[in-house]
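S.K.: Fold the following.
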Amino acid sequence: MMASASNISLLLADVDGTLVTQDKVLTPRARLAVVRLRERKIRFAITSGRPPRGMAMFVDPLGIVEPVAGFNGGVYAAPDMRVLESHALSRDAAARAAELLVAHGLDTWLYTGDTWYVRNPDAPHVARETRAVAFAPIVAEDFDPFYATCVKIVGVSDDVARVLQADSEIRDALDGAASVSRSQPYYIDITNPVANKAAVVRYHAARLGLPATAIATIGDMPNDVLMFRVSGFSIAMGNATPDVQAQAAVVTDSCDDEGFAKAVERYLLGDS
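M.R.: The predicted structure is shown next:
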């Protein structure tokens with residue numbers, strides 16, 4: 001079924017690989033698309049595996065007034081970055097997650113509310129993540145002091161087969177104690193069981209007094225499929241895998257070919 005501006009009241013967008021390009025660029029056309037949404041009285045919100053602090057750079061350029069859902073819904077922050085709601089892992093689940101990631105040979109990162117800890121600052125993707133979120137991690141050999149306030153644990157490896165195997169096995173091992181999802185091919189995100197993107201859709205629906213069917217979602221990774229399933233209209237990016245694309249209502253172009261802006265223009269603004 002085709003969505004239109006008449007039956008969608010809010011667009012909830014993933015960030016990396018969706019709103020921004022692979023080089024983390026927010027294009028002028030994407031910014032204009034959000035401006036035009038607002039002119040049509042369609043609200044706009046963002047969600048990501050990033051910490052809210054790592055999404056602050058989008059608030060002013062996009063005029064965001066809705067809460068920002070970081071850590072896949074682990075922390076909701078106001079546009080000025082005041083924490084509105086937080087869902088930490090239990091201490092036992094955080095410690096067990098870190099243990100399992102190490103056992104699978106993945107580098108491990110840990111996030112509390114606004115602080116990022118790594119064991120090895122030279123490990124894969126640390127430098128790239130630092131540029132993306134615009135703040136550097138703290139090096140800590142021992143994560144034990146931080147498990148009690150941990151909001152997200154991340155496993156990182158460029159060995160995609162290893163990541164897939166770890167994702168499946170850790171999901172089974174932590175069943176009920178954590179939400180396990182992949183926000184990039186090389187990342188495994190482990191958060192509180194209620195911290196997932198389906199919950200983000202429900203959060204915005206409840207806050208605004210809307211049915212979930214009045215919310216459109218757009219994303220590119222397996223963790224975005226959860227929000228596809230509960231929203232009224234779902235859009236997969238052209239850079240998403242075929243499995244992700246198959247679970248969305250429509251597919252747009254890639255994030256490096258203005259896929260976000262094109263989706264907004266075509267499906268929500270009705271441009272020809």
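S.K.: before we move on, which element is residue 261 in?
M.R.: Take DSSP states H and E as the rule and residue 261 turns out to sit in helix 259-263.
S.K.: tell me the pLDDT at residue 183?
M.R.: The model reports residue 183 with a pLDDT of 81.
S.K.: Doesn't it lie inside a helix?
M.R.: No: applying DSSP: H, G, I helix; E, B strand; the rest coil, one finds residue 183 to be strand, outside a helix.
S.K.: so who does it touch?
M.R.: Neighbouring residues of residue 183 by C-beta atoms under 8 Å, 6 or more residues apart in numbering: 16, 48, 49, 72, 189, 221, 223. Quick note: C-beta positions are derived from backbone N, CA and C, even for glycine.
S.K.: Residue 29 - how many residues pack around it?
M.R.: The burial count assigned to residue 29 is 13, neighbours taken as other C-beta atoms under 10 Å.
S.K.: and the helix holding residue 261, C-alpha only, in PDB?
M.R.: Once non-C-alpha atoms are left out, helix 259-263 reads as follows in PDB (Å, rounded to 0.1, in the frame of the first residue of the first chain):
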ATOM      1  CA  GLY A 259      18.100   7.600  -1.200                       C
ATOM      2  CA  PHE A 260      16.800   9.200   2.000                       C
ATOM      3  CA  ALA A 261      15.800  12.400   0.200                       C
ATOM      4  CA  LYS A 262      14.300  10.600  -2.700                       C
ATOM      5  CA  ALA A 263      12.200   8.400  -0.400                       C
END
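S.K.: and it, what other elements does it pack with?
M.R.: When contacts are defined as 3 or more C-beta pairs under 8 Å, 6 or more residues apart in numbering; DSSP states H and E, helix 259-263 sits against helix 28-39.
S.K.: Can you name the element that comes right after the helix it packs on?
M.R.: That would be, after helix 28-39 and using DSSP H and E, strand 43-47.
S.K.: what is the mean pLDDT for the helix or strand just after that next one?
M.R.: The element immediately downstream of strand 43-47 (helix or strand, assigned by DSSP H and E) is helix 59-62. Helix 59-62 shows a mean pLDDT of 98.
S.K.: for stretch 242-257, same thing?
M.R.: 97.
S.K.: Output it as PDB, restricted to C-alpha atoms.
M.R.: Output of stretch 242-257 as PDB, limited to C-alpha atoms (Å, rounded to 0.1, in the frame of the first residue of the first chain):
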ATOM      1  CA  PRO A 242      18.200  -8.200   0.100                       C
ATOM      2  CA  ASP A 243      16.900  -9.700   3.400                       C
ATOM      3  CA  VAL A 244      16.300  -6.300   4.900                       C
ATOM      4  CA  GLN A 245      14.800  -4.900   1.700                       C
ATOM      5  CA  ALA A 246      12.400  -7.800   1.500                       C
ATOM      6  CA  GLN A 247      10.900  -6.800   4.900                       C
ATOM      7  CA  ALA A 248      10.100  -3.200   3.900                       C
ATOM      8  CA  ALA A 249       7.100  -1.900   2.000                       C
ATOM      9  CA  VAL A 250       9.300  -0.100  -0.600                       C
ATOM     10  CA  VAL A 251      13.000   0.300  -1.400                       C
ATOM     11  CA  THR A 252      14.700   3.600  -2.200                       C
ATOM     12  CA  ASP A 253      18.100   4.300  -3.700                       C
ATOM     13  CA  SER A 254      21.300   4.000  -1.700                       C
ATOM     14  CA  CYS A 255      22.500   6.500   0.900                       C
ATOM     15  CA  ASP A 256      25.200   7.600  -1.500                       C
ATOM     16  CA  ASP A 257      22.600   8.300  -4.200                       C
END
